[in-house]
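1. Fold the following, please.
(chains A, B, C, D and E)
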Amino acid sequence: MSKPKVGFYWCASCGGCDEVVVDLGADILKVVGAVDIVFWPVAMDFKRSDVENLADGELAVSFINGAVRSSEQHEMVELLRRKSQLVVAFGSCAHTGGIPGLANLFDRRAMFEEAFFNVPSVVNEEKVVPLEEYKTPQGIVTLPNLWNTVKTLDQVIPVDYYLPGCPPPVSLVGEMFNKIVKGELPPRGSILAPDIALCDECPRKETKPDKMSQKEFKRPHEIMIDPEKCLLAQGLLCLGPITRKGCGAACTRVNMPCTGCMGPVSNVLDYGMKALSAVASLADANDEEEIEKILCKVVDPVGTFYRYSLPASLLHRHYQPVVQGEK
Amino acid sequence: MSDNDRNHFEPRIVAFFCNWCTYTAADLAGTARMTYSPNVRVIRIMCSGRLDPQFVLKAFREGADGVLIGGCHPGDCHYQEGNYKALRRFKLLKRFLSQMGIEEERIRLEWIAASEGDKVQKVINQMTEQVRKLGPLNLEPISQMHPPKEKNVKAKAVAMAKGGAS
Amino acid sequence: MSYIYYPGCSLKSTGRAYEESLLAVFAALDIPLKELEDWNCCGATAYMSISELKAFALSARNFALAERQNGEEDYAEMVVPCAACYLGLNKAHRYLAEYPELRKKIDRALEAGGLKYNDKVHVRHPLDILVNDIPAEKITSQVKKPLEGIKVACYYGCQLVRPYADFDDSHNPQTMDKLIKLLGGEVVDWPLKTRCCGGSLTGTVQDVGIRLSYVLLAEARKRGCDIVATACPLCQFNLECYQKRMSNLYGQELNLPVLYFTQLMGHAFGLESRKLGLNRVFIKPSRVFSKKEGGQYVNS
Amino acid sequence: MNKWQGWRKIRYESELDPDFASEIASIPGGDKLYSCIQCGTCSGMCPLSPYMDYTPRQIIAMIRAGFKGEVLSSYTTWLCASCYSCTVECPKEIKLTDIMYAAKRLAIRGKVYPKRFPTPVLAGEFFKAVEKYGRSSESWVLVNLFMKTNPLKVFKQMGLGLRLWSQGRLSPKREAIKRRDELKSILKVLEKEHMVKDKEEMITAGKEVV
Amino acid sequence: MSTAKTPSSNGKPKVGVYVCHCGINIAGKVNVQETVDFAGTLPNVTVAREYKFMCSDPGQELIQKDLREGLVDRVVVASCSPLMHEPTFRRAMIAADANPFLFQMANIREHVSWVTPDKGAATEKSKALIAAAVARIVLHKPLEKTRVPVNSNALVVGGGIAGIHAALTLADAGRKVYLVEKEPTIGGHMAKFDKTFPTLDCSACILTPKMSAVRSHPNITLWTYSEVAGVEGFVGNFNVKVRRKPRYVKEDLCVGCYECVEACVFKKGVTKDEFNVGLSKRRPIYIPFPQATPLVAVIDPESCVQIKRNKCKKTCVDACERGAIDFDQKEEIKEVEVGAIILATGFKTFDARRISRYGYGKYPNIYTSLEVERMVNAAGPTGGEVHLKNGEKPRTVGIVHCVGSRDSRTNAYCSRVCCMYSLKLAHLIKERTGAEVYNFYIDMRTPGKGYEEFYEKLLKENVHFIRGRVAEISDWATIPEEEGKLVIRAEDTLVGAVRRIPVDMVVLSVGLEPHDDADDVRRKFNISCSHEGWFLERHPKLAPVSTFTDGVFLAGACQGPKDIPDSVAQAGAAAAEALALIDKGYVELEPNTAYVQEEFCSGCKTCVALCPYSAISFNVEKNISSVNGALCKGCGTCVAACPSGALQQNLFTDEQILHEIEGVISYV
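-> Residues are numbered from 1 along each chain as shown, chains lettered A, B, ... in the order given. Prediction:
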């Protein structure tokens, strides 16, 4: 019996998700032993035609990382969807939009202006911007269309499983491969991480005081962080209580507050709103001015609460009224 | 009601009223036959402190053009301090929404005591007009969600069963 | 703080003594007053009877000018000594804030004149300023010739404390009483402090108007007052200029000096009587002043 | 007034104007008119009510009942000296002084005010002066007033005028503002508009709403 | 007409929607047929019906029949406010053997038909509210109410006639009552009156027996000179702290013999006598009045030299043979458990100084009605004589009605008792002095048994009635006849002329106002106030003595101006309501409490400090939070904060509310 075929693909992402596969270390050999990798543009030289040539459903699993934000990515994920029995949204970007998703605070024009004109390191006196189509003597050169809005993978194609994290923790990756190989996968649509928040596995949990409320929120550079004590209790905006566990508390172990890459637990509809609600609830004041004073330390609410999940939020993106009759 | 034409725009506003003060005040407005614009639909919660900011975004996502929150006056909360907690969340929520480009007139927190039927009338009329001026909130649709409903069905079923027993 | 001074039409004619004494007193107290440039009529009583809208527009133009003159300062404090102007402007101020429909129309009108009003004006009466802004010690320290033994009837008139003023009680106001007491004068309890003097009716329906003024003076006389202090040019005019006519009509010699409270202040401050417009009054107060001061006061 | 003159003291509903109250109530805050409980505080406070043909309280009752003709041609409104004591003390916060103004303006527009009565004439003269010069010159307003109502009075007042003149309290100089054009363009915008609406204006305003 | 589908049996929820016409209250504005047709199209709805009055017996039976026949298993009624009829329909559910919490109301009367001018809009809004109710009820679960026993003691706050009557009623029924009064004696305003209208029976004669009954009743604990310091707990189980101010006289030793008062170093009164509303003076040690209950002296720390400066001959101590005087007495806090609370804190009279044109406080012979009450009282400072400051009898007296009342600048409401007490005072003054009495009134209000007859009696006594609100009172005389008099100016509106009436004495019939501390009191007891500051009843008609806080009832004028008969009637009603609560023995608590879904709780402790009732504790063993259902009051604040959605609230789960939001917007 031939080994099941799997593919890896990356969309809008940093490459860290591909790296994590390699981080499996010696265990990767087991993976390679169990499956045939037939597509992995980051690691090996495959062409799009290699996928196109596969029969529909011939791929057992596609692991797709990165958010979707261009016509090319769109075509590729649709192609992979057609060729795969299972699609796994691999990592925060595919799962909830990730860091690239913060681009949804702007529109495409603003981003182009920033990237091609305004950035101090750019010298672009002729105001050249990339065009989707450009005629050269040699013929027409094309570029993919960059979308105005960044989307999560499941906003573009049906997704079977989600592996959260930025990048997904190695242990969860290994576990996933195990389950796939053994055929012990949970119901479709599941998130392949424990459904409980990070505090549950955080080594600082024991140090939480009964009263968690805060008179002042602090940013990491403002204090000497106690390496033992609950970070939230120290006034740091640790999002551990809102974020799914599974990373082994990688950040809080090294004195960094959780920033929420693993996304919400299943009872939560909108990660950022829940985070906002929990954080605001901790502000220990009833006076309007005092409340403002405490909460003004949350300098950038969107960036804080939706660092990895703006496209997956209920608002989806910065509000641009869709004006009627203006098409 | 889905007629979003600028000239005939009828705003849709979802209101969350606390049971003890604002909901009662709205009842009083009714008993006193104070007429006001029909654009606001009230959802009763026991306390403004129950208001989860998720509800606000959910309302916007479902097509509301504005959200009104009504609670007891400071110091008058039936549950001692629930309204202050609502205020904390509201303050941060408002900042978040403005960062997201949503006009601040689309969300409003009002303290309305049980005896202030006239304030219900005034606030609802005012807010309706404000939102009408802003025009409809046309959020960009989230094209598809895959898989649509199957996600986490099991987990939720477990949660609900537990809740019922307590 | 500097104040913008709105004189109004009367203070440039029949009420000149009010203006002179006001400026003299404020100068003595070192409170700068700058006259509003190109001010126009406030739109008071008579005007309002014809067109209320235009009356508000007239007030609004003054406000817009005051804001412009005030520049970047927060609020323009507009000092309005004439009671009728004070009421007219204050009413406009209130109505423009309270009635958006009206406001829209007035804004449109101002725009046609290239002006804009941003609600950055406070309408103030000198009494309000002297009692509420200026420390009492500052006033007492200026008093050189206290009004000792002089019995004063404080006459506020009707429009000064009604209905839009909030610096004093509308029925039994106290600010002028306080001021006179600071000057050493004796304030007579007099229940007609805010009763109308007849206003313009003294000129139009004289038999009614003059009687209204007369009852005020008769009661003041009965209560042993030496002098009546006013804060309104029309009140001063009615109470003083028609006294002769009253004597004829009612057979009672009144001969009661009627001065602006600012004139009394100036006198107590020891300012020169010419600067206080004391030369412009029909019924000279010298008799009252000299009696109390053992003849030291030299009549001008 | 002792002789019986055969006045008919009855009013038929058809003689009354049912819209009069809403005309008056169209001024800002005018709807308080409907709260009147006829307590009489206004009349009791009014220093001029003894001279009026109807007390202020009666005027309110008549407005509400639609006695338009009687109200607009009455002397009451023109005797009102705008002292605001009624407005201040009214327990229902009815702006009686404003209502008097409203009645005056309707009377002038309808030309039903008591013609030879001096107060409307004074108002008219004052209005004209301000309209033209931006300020009023008291001397000129008074001269015109007396000329129009009772020229003989000019002589009666002459003595007083001369005394004032000698003290510098009255001058034949015309007071005027500098930027008269600016004021003119401001006032022009409001030319056709009124704060108290008469019946036809009410109907057109109503049409706008519908 | 109704749309009834065949019952489905696949385990899916079967929702019945019942739309009420409420006569024309709803049907006059809402197109009921259209809403029923619409409801029939909603998912999971198996039955949609309409009826004239859903809350009536036949209406309820309609629902019960469908439940029994298995056509529906959960019910939405679209009618009035849930605050009105939710209990009614829940009872109907129980009667049909259904769980009462599988029920939801859509408020299409108070929130729709009564407030929406346009019929089309009203119908659309009704549909939206019905859709919302249907969307959420699908997620409802059967719940049980918890029962909590009720403490059988009661607390009555305020010892005026209302408080006295309520306390006696409860005590006679065998309940233990704590009566708390802030003054040194009970009796309230009624103890100050001479006669009561319209019967003119002596106030003291009918009140003092009740006062002594309070004193001697074995079931009543009377704490005068005391205030409620704090209230905790909930219906049936209140924990009340009472602060007993030191009176420096031992209550159990004092017999009220007045020896100490006579012996005081001050031989004359030094302080305004509160009981005589300032018409006389009292000494630092005093007994408010001879029938004071308890008849115990009290020392006023403000004026007692010993207490203020610690140097006095202490003649009072020597005079007291029983050794009752104790300068070391300290404030005491008593703590009691009660099941029900009756508030009977009464009123204060309007301060006539606020209306400067009436000259109160400026002219000597202007009195308030309460001062005149004391003056005409035989036990009062003048021994029942009505006289002017100079000792002469007045020959003319003016009584000014509505002072501070019916005026939007002071109190917009009618104080309800002034017309009648003014008539009474007119009668008494005329009886005592033979003076001409003028009543100045706006409207004569005499709705009560025997009241109009009393008015007629006064008319026959030739008391003058002038219909006109007094404009001004002054000493400004314009003719010789007015010299030396107070001149009242008013329009006689029936004549249409202004009148000036010179009088010797003026009585200002001041209105009734809430106490200055009413706002603090209501906060303490967690109830609401109306605009004017009166305590707010739960429903003006159907629950006039209840409040929005279960177990707290109202009696007397603290709820609004009332005369004695009405106060007593209301006190009886409040006592009956309290008894009904106590005698039931238990209360059922709404099950809308919060609960933790343990497998989702990460133990972050965000919730713990948020609970105002300390109902959330941290379970150290399991390392998670847990909610004590008996302490939880169901506000849901913790639920909104819980970062992992592990906390939920019965009847208000996230899911239910989210569905409701979808429902209210998505359909229609």
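2. pull the longest helix from chain E.
-> With DSSP state H setting the assignment, residue counts place helix E:564-584 as the longest helix in chain E.
3. Who are the packing partners of that helix?
-> helix E:161-172, strand E:340-343, strand E:552-554 (3 or more CB pairs under 8 Å, 6 or more residues apart in numbering or on different chains; DSSP states H and E). Where you see a C-beta, it was placed from the backbone N, CA and C, and this is true even at glycine.
4. Now do the same for residue D:190: its pLDDT.
-> Listed pLDDT for residue D:190 reads 89.
5. Who are the contact partners of the closest residue to it other than its chain neighbours?
-> Spatial nearest neighbour of residue D:190, excluding adjacent residues (CB to CB, 6 or more residues apart in numbering or on different chains): residue C:53 at 4.7 Å. For residue C:53, the contacting residues are C:102, C:105-106, D:190, D:193-195, by CB atoms under 8 Å, 6 or more residues apart in numbering or on different chains.
6. what element comes up after the helix or strand where residue C:69 lies heading to the C-terminus?
-> With secondary structure defined by DSSP states H and E, residue C:69 is part of helix C:52-70. On the C-terminal side of helix C:52-70, the nearest following helix or strand under DSSP H and E is strand C:76-79.
7. The helix or strand following that following strand packs against which elements?
-> For strand C:76-79, the following helix or strand on the C-terminal side (DSSP H and E) is helix C:83-98. Counting by 3+ CB pairs under 8 Å, 6+ apart, the packing neighbours recorded for helix C:83-98 are helix C:45-48, helix C:52-70, helix C:100-112, strand C:121-124, helix C:233-241.
8. Over helix C:83-98, what's the mean pLDDT, rounded is fine.
-> On average, helix C:83-98 scores 94.
9. do the same with stretch E:240-258
-> Across stretch E:240-258, the per-residue pLDDT values average to 96.
10. and residue E:68, what does it touch?
-> Contacts of residue E:68 (CB under 8 Å, 6+ apart): E:96-97.
11. before we move on, what about residue A:251?
-> So residue A:251 contacts A:257-259 (CB under 8 Å, 6+ apart).
12. Could you report the pLDDT at it?
-> Here the pLDDT value assigned to residue A:251 is 96.
13. Show me where chain B has its strands.
-> In chain B, the strands defined using DSSP state E lie at B:13-18, B:40-45, B:66-71, B:107-111.
14. which one of those strands lies closest to chain E?
-> Nearest to chain E, of all these, is strand B:40-45, at 4.7 Å by CB to the nearest CB.
15. any idea which element the one residue in chain D that gets nearest to chain E lies in?
-> Chain E sits closest to residue D:44 of chain D, with a gap of 2.7 Å, by CB to the nearest CB. Element membership of residue D:44 [criterion: DSSP H and E] is helix D:41-45.
16. pLDDT weak spots in the stretch 201-300 of chain C?
-> Scanning the stretch 201-300 of chain C with the threshold set as pLDDT under 70 gives C:291-300.
17. In this structure residue E:521 contacts residue E:515, no?
-> Yes - counting by CB atoms under 8 Å, residue E:521 touches residue E:515, with 7.4 Å between them.
18. of the two, who's got more company?
-> Neighbours were counted for residue E:521 and for residue E:515 using other CB atoms under 10 Å in any protein chain shown; residue E:521 has more, 20 against 17.
19. how much space between the closest residue to residue A:297 other than its chain neighbours and residue A:232?
-> In space, residue A:297 comes closest to residue A:217 once its chain neighbours are excluded; the distance is 3.9 Å by CB to CB, 6+ apart. Going from residue A:217 to residue A:232 by CB to CB, to the nearest Å gives 9 Å.
20. Comparing these two, which shows the higher neighbour count?
-> More crowded of residue A:217 and residue A:232, by other CB under 10 Å: residue A:232, with 28 against 19.
21. Contacts only, for that one.
-> A:208, A:212, A:214, A:238, A:240-241, A:257, A:282, E:604.
22. run the last query once more with 10 Å
-> A:199, A:202, A:204, A:208, A:212, A:214, A:217, A:238-241, A:252, A:257-258, A:278-279, A:282, E:604-606 (CB atoms under 10 Å, 6 or more residues apart in numbering or on different chains).
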